[in-house]
Each structure stands twice: as C-alpha cells, then as structure tokens.
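S.K.: Sequence and predicted structure below; questions after.
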Amino acid sequence: MRPSILDPLFGRAEALPGVGPKTAILLNRLLAKAGGEARAVDLLFHAPINVVDRRTRPTLKDAPLDTLVLIKVRVAEHRRPERNAKGPFKVLVEDETGDAVLVFFLANTEWIERSLPIGATRWVSGRLELYDGHRQIVHPDRVLDEAGLAKLPLVEPVHGLTEGLQQRFMQKAIEGALERLPNLPEWQNPTVLAANKLGGFGESLRLLHHPREPGDIAPTSLARQRLALDELLAQQLALRLMRGKLRRAPGREHRSAGRLAAAIEANLPFELTGAQKRTLDEIRADLSSDQRMLRLVQGDVGSGKTIVAALAMAHVAEAGRQAALMAPTEILARQHFERLEPIFDAAGLSTVLLTGRAKLSERPGLRAQISSGETRIIIGTHALITGGVMFDDLGLAVVDEQHRFGVTQRLALGAKGEAADVLVMTATPIPRSLALALFGDMDSSVLDEKPPGRTPIKTRALPQSRIGEVVDGLKRALESGARAYWVCPLVEENEDLDLAAAEERFEDLKRIFGERVGLVHGRMKGAEKDAAMEAFQKGETRILVATTVIEVGVDVPEATIMVIEHAERFGLAQLHQLRGRVGRGCGESSCLLLYKGPLGEAAGARLTTLRQTEDGFRIAEEDLRLRGEGEILGVRQAGLPGFRLADIVAHARLLATARDDAELILRRDPDLTSERGQALRVLLYLFDRDEAVKLLRAG
Ligand code: ADP
Ligand code: MG
C-alpha cells in the first residue's frame, strides 16, 4: 500500500488548479505511461531542459546564437506565405543594431497580427539562429509587451512540451503540483547529504523549478544532484530487492543434450563467431547448473546477439521448459518472430508472438498456448509481463536491448517463472565503471567480434548545404539496387514540428524518387509502422525516411546507406546505434552525417570520433569523456531510460554512493522496517519502484 502521505502527489494532474481538460490531455500524452494519466508527481519530475535568462538583454548584433535569448525589437514587416503555399509566416523585426526574422510554421495569422502589429515594440524570446546568413527565431516562445515582461521571473525555466501545450500552461501545472508537495521524511543518510552539501528533497525540487540562475537546472547543480541521488538510491534499492528475490529462489537445471540447438546451428547459413561460441558456452554452463542465471550479454550492434539468444532458448525448450524473448518495441518483436519462427520450426519447435497489438479476439488463444505449455518458444513485447500472461513453466527469460527497459521490467519477466534464468542483451556498450554500478553482480559476456565479411562503413560528415550532392549520390546508388535509411532527428523541442520536418523531407524525396520512398515515425499507428518497415524490408521501398524509431535493433541487411540529418544534435552513442543499421550484409556501406554548422567543439569531436572508429566500446568511453567535459545544456542526450532526473554520466559518482548506501541499508534492515526504512519505502513509491516494495516481507 502506498503511504498516504504521497496521495496528493499521485492524484491526476487534471485535478490540479489551473489544469483544464485540454491541458490534461496534452500532459497525459507527454508525461503519462502508455494508457495512463499524468500525475502531479510526473510534473514534479519533469525537469526544465533550459532557462530563459532575462538578466542580460543584448542587442540583436550582440545576441549569442543557438541559445535562448530575450531581445527588444520593433516589428517592421509581415511576410505572409503565398496563398495555398505551405511555407511559414515570417515577421521581420529590427533594432538599432540589426534585424531578424521570426518564423511561424502552420501559423495562426490572427494571433500574429494581434501580438506583433507592425510598428510595435516587443520583447521576444526564443532560440536565435543563423539561417542562410540571416538571424532567425523559429517559433519564439514568448512575445511580450513591456507590461507582460514585468510579470515574468528573470530566470525562467523552459520545459519539454508536446504539440499544443504552451510553456505557461506547463508552468501553471507544475506550480499546482509544487503546492501539493507534502513534507516528506528524510530518507537519505544525513552524513551523505552533508558530505555532498546537498539540501532537502522538497527544497531541491522547488529550486529546480524556480531556478535563480541558469546553473540551477544543470545536472551538476546541487538541487539536481540531490534529486538524482534520490532517484539512483530508489533504483539501486529496487535492483537489489529484485535480485535478492531472484537469487533467493534456487535455480533449476535445464537438462539438454543440445540436439535442437545443434540442428538449428547446422541449418544456419553462417558459422558462429568465436565470441558467439564462447558466450553460448557460458550461457549453457549457467543453464545446466542449478544456480540461477543472471547474465548480461553485451554486444555491439550487428554482433549477432539474436542467434545466441535463440540457441539458448532451444536448449531450454529441449529440456521441456518454456523460453521467452522480450523486445522493447513492436517492430523488434515482430522482426525477431519473423526471423526466428522458421528457424525454430525447422527444429520442430512452435513459436508464438504476443504483443500489445495482438487482436483482442486472438489474445485468449495466444495466452492459452502459453499457459498450457503447448508452445515453448514465446516472443513478445512488454505485453508478456503485463495483462495477466501465465506461463506453464518458464525456464528462461531473455530481455533484448535492455536499455529500453527499466530495471524492474527487466527482472519482472524472470519473476514470471519459477526460478527462471534471466539473460539480458544490450547493444549499448556500457563502460565497465558504469556497468558494475548499474548491474551490480550480474555475470556478463561480451560479443567482441563481428561476424566475418563485413566491410567497414565509410563515414563522412558534410554540411547540410551539400544535401544536393547526397541526393545525386542516392540516385546513382538506387540505380544499382541499394537501399537507404534517411533519418530526420528530433530538432525542436516540439514533436509536431519535428514530424513536420520528417514529413517534409519525405515529400521532397518522393518528388525525386517517387513511390520508392517510405516513411516511418513514432506517432504512426502500429500497423502503419509495420507496413512501412515491411515494404522496406521487402525492397518495395528503397529509401526509408525515419525519425529515431529505427534506432534500436532493426535489421535489414540489404540496406547499405545511412543518411543522418542534423547529426550534430545527436549524442555519440545514438549516432553509433543509427550507423549500426547498415554494414550488416556484405555490400559496402556508407554513412553520411549531415550537419548544420558552425559546429560546436563537442559536436565536432563527436563527428570526428565517429569517422575514426566503429568500435562501440571506444565510442562509449569517448562519449563519457566528451560529456564529462560539459556541454550540459542544449544537446539532447541519450541518457539511460528509466531515469528522469539522474544522468548516468554526470552523476556517475552519485551512482556509486547510492549503490554503497543501498547495500548497507539492506544489510542492516532487509525489510525496511526501521524509521529510515519507512522513509525509504516512501522513496520507492515516489519513483515508481513499488514492485520492489512488494518483495519486502513486513508492511
Ligand atoms: P545484434 O547483435 O545487433 O542484435 P543481430 O543478431 O540482429 O545483431 O545480427 C545481425 C546480422 O548478422 C543478422 O542478419 C544475423 O543473421 C547476422 N549474423 C549473426 N551471426 C552471424 C555470424 N556468425 N556470421 C554471419 N552473420 C551473422
Ligand atoms: Mg538485436
């Protein structure tokens, strides 16, 4: 039972003062778990991603580029899009030192005329950039007159939004949530707090949402560190409790002569690599022992993790038990199913696919196949751990691309079976220093060898202005049968503008390449997404324009070209993942990184690293080093999911602190019954780690 002190924070966001039904829908879309509703606590943990600093008010000439600025300007001219044209509405503004263009896509003309009448003086804030040599601000986040400006704080937080949601509604909602924040008991060790100069939870949360200076929202700020430490402690406690449960139950021995696995292996069109064989030996030894397996398989993209998992699953199936493979996305689960089903079938094993998108009418049948034990090989998404799926006798749980799952989800699949063995696979090479803290005493195998015959991927970085050459190159490549991905990243903080950009690129390319171009993005309905992926897999489309949905795991060996727009906005690890989508077959592959200059130092270093190496571990270390050196704001980093406030790189030291503390706590008070233990239960609920609380013995 959730401690009642938290009730005000777990109420629906919709019930907060100042949140109307419309805002509530948008907040749900942005912050709630799939199908759920946003709660006050989700607002509190929605950390600002930037600030508007109104303390300095530069002239246009002196205003810094590519960052949020506040400028005082006179409205000079309105430039409407031509009739029926899809172009933006532009407003020309100026001061004594220069001019700039305010750009509005899908503009609300009335609003512009009202808020920016010609001749008026206005304060405008937004991200100032140089475009074709002219200063511009796309979608200013504020347009104010003198009186409006006077009402605003000097340093104002900026939050990630979703289409239709405005900063001020977000801020109102967060204020409402802050008002509900109860005085919570301290769960941290006072000595740890003092040693790190950290303040209280509530105080830190208030400071995060009411920054006094820009640094207050940075990961290195004391406020953010305190909150990160809380989140990390909750995670470490949950991890230990889950693992404790898995380890407490003794494992089972899966006896198999390896006949099915051998049959499968004999049918493969390739030889296993040395690393695959070694990893399989390690896994088989675990499976054959009566110790419970908890093993992490780390292997760079394309290192061939899937077949390793399949052979381990065959081992368990031969022993008469079930094996399940859980993938983080629908696309991946289907892909695994399509690849593996024929392989298992040839060895006489039937396979079932269960995802959230299985038809309602089919679900009972699928579930029955699983619960009766009729089917031993099960592939699916997290639908496998929700919705009351019962296994007959789950012997092995494989979790693919684990970095997309939270700790508890990862282990929850294992908890579905009686002493099920757990194998987690990740393509995110985690520097050893972090792996230990994140996974604790999990055993690990490393696939450090790529299948043979892969030619290195030619990687080039080009300024966006040379996009024409890229298109010409594509024309030639397509004529000789090539297939290409074209990635349009998230650029603005606004999902819909991003989609608009991807759709626009799709239309552009379609004008050139006709029906050979497909599009896939995160907002598409599942079936549409599948259809787009399938058409590309089959070669019906030759160019797949995509947002980062394709980042993880998708395997189309025929694709040999990867174009990434705005590569400067991606983190290194993400670029590496994206590039890993090509170079999977034997054809020569290339990766073109289009960037918008001028490149910052860190962005330049990232692109250089990528050109120099394909070694995921080296890239991960470099990523850590570059990120460690700052560049805190601005670039969207691919942090580890499951964390809302902690950044695994910026807070690596705190992670170690949390790990040590969690160990000590559970050694002294394994069921969290002491006074501090009770406070820690509050912490676990606060960060949605309540599955872990259920594992405690006493209430
Ligand atoms: P990842 O480790 O990224 O999940 P996959 O398991 O999807 O990689 O494998 C990538 C591709 O390499 C697949 O097409 C797979 O069939 C192929 N592959 C796997 N192992 C080998 C091998 N030993 N030799 C040749 N190709 C292999
Ligand atoms: Mg994979």
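M.R.: Structure received. Ligands and ions are numbered 1, 2, ... in the order given.
S.K.: excluding its backbone neighbours, what's nearest Leu68?
M.R.: Nearest residue to Leu68, sequence neighbours excluded (C-beta to C-beta, 6 or more residues apart in numbering): Val52, at 5.2 Å. For glycine as for every other residue, the C-beta is placed from the backbone atoms N, C-alpha and C.
S.K.: Check the stretch 551-699 of the chain for the residue nearest ligand 1 and tell me.
M.R.: As assessed by C-beta to the nearest ligand atom, ligand 1 sits closest to Asp555 within the stretch 551-699 of the chain, at 4.3 Å.
S.K.: That residue contacts Arg584, correct?
M.R.: Yes. Assessed by C-beta atoms under 8 Å, Asp555 is found in contact with Arg584 at 6.2 Å.
S.K.: Between these two, which has more neighbouring residues?
M.R.: Each of Asp555 and Arg584 has its neighbours counted (other C-beta atoms under 10 Å); Arg584 has more, 22 against 17.
S.K.: now the more buried one, nearest residue through space, not along the chain?
M.R.: Counting by C-beta to C-beta, 6+ apart, Arg584 lies nearest to Pro557, which is 4.5 Å off, once chain neighbours are set aside.
S.K.: correct me, but the one you found touches Arg581?
M.R.: No. The pair Pro557 and Arg581 does not pass the contact test of C-beta under 8 Å, sitting 10.1 Å apart.
S.K.: Compare these two (neighbour count), which wins?
M.R.: Between Pro557 and Arg581, counted using other C-beta under 10 Å, the more crowded position is Arg581 (24 against 14).
S.K.: Just to check, the more buried one is in contact with Val563?
M.R.: No. Judged on C-beta under 8 Å, Arg581 makes no contact with Val563 at a distance of 11.2 Å.
S.K.: any shared contact partners between these two?
M.R.: Listed as contacting both Arg581 and Val563 by C-beta atoms under 8 Å, 6 or more residues apart in numbering are Tyr485.
S.K.: Around ligand 1, pick out the residues from the protein.
M.R.: Residues of the chain lying close to ligand 1 by C-beta under 6 Å from any ligand atom are 270-273, 276, 299, 301-307, 427, 451, 553, 555, 557, 584.
S.K.: Longest helix in the protein, please.
M.R.: With secondary structure taken from DSSP state H, the chain has its longest helix at helix 222-248.
S.K.: Show me what counts as buried in that one.
M.R.: Across helix 222-248, burial judged by 16 or more other C-beta atoms under 10 Å covers 222-243, 245-246.
S.K.: any idea which helix or strand comes after it?
M.R.: With elements assigned by DSSP states H and E, the helix or strand that comes after helix 222-248 is helix 259-267.
S.K.: Name the residues that touch that next one?
M.R.: For helix 259-267, contacts defined as C-beta under 8 Å, 6+ apart pick out 272, 310-311, 314-315, 317-318, 343-344, 346-349.
S.K.: How far does that helix sit from its chain's centre?
M.R.: Mean-position distance between helix 259-267 and its chain equals 36 Å (C-alpha atoms, centre = their mean, to the nearest Å).
S.K.: What is the subsequent helix or strand relative to it?
M.R.: Downstream of helix 259-267, the next assigned helix or strand under DSSP H and E is helix 274-288.
S.K.: Taking helix 259-267 as reference, get the angle to that following helix.
M.R.: Compare the direction of helix 274-288 with that of helix 259-267 by axes from the mean of the first three to the mean of the last three C-alpha atoms, to 10 degrees and you get 170 degrees.
S.K.: Which neighbouring elements make contact with helix 274-288?
M.R.: For helix 274-288, the packing partners by 3 or more C-beta pairs under 8 Å, 6 or more residues apart in numbering; DSSP states H and E come out as strand 294-299, helix 305-318, strand 421-426, strand 443-447.
S.K.: Could you list the buried residues of the shortest one?
M.R.: By that I understand strand 443-447. Residues of strand 443-447 classed as buried by neighbour count (16+ other C-beta under 10 Å): Ser444, Ser445, Val446, Leu447.
S.K.: Excluding chain neighbours, what is closest to Arg357?
M.R.: Nearest to Arg357 is Gly526, by C-beta to C-beta, 6+ apart, at 4.8 Å.
S.K.: before we move on, back to that, do you know which of the helices and strands packed on helix 274-288 lies nearest Tyr595?
M.R.: The minimum distance between Tyr595 and those falls on strand 421-426, with 28.0 Å, by C-beta to C-beta.
S.K.: Lowest pLDDT pick from the buried residues of strand 443-447?
M.R.: Least confident entry in these, by pLDDT: Ser444, with 83.
S.K.: residues in contact with that one?
M.R.: The neighbourhood of Ser444, defined by C-beta under 8 Å, 6+ apart, consists of Arg295, Leu296, Val297, Gln298, Ala435.
S.K.: okay, now the first one: neighbour count?
M.R.: Pointing back at Arg295 there. Arg295 has 21 nearby residues by other C-beta under 10 Å.
S.K.: do the same with the fourth one
M.R.: When neighbours are counted by other C-beta under 10 Å, Gln298 registers 25.
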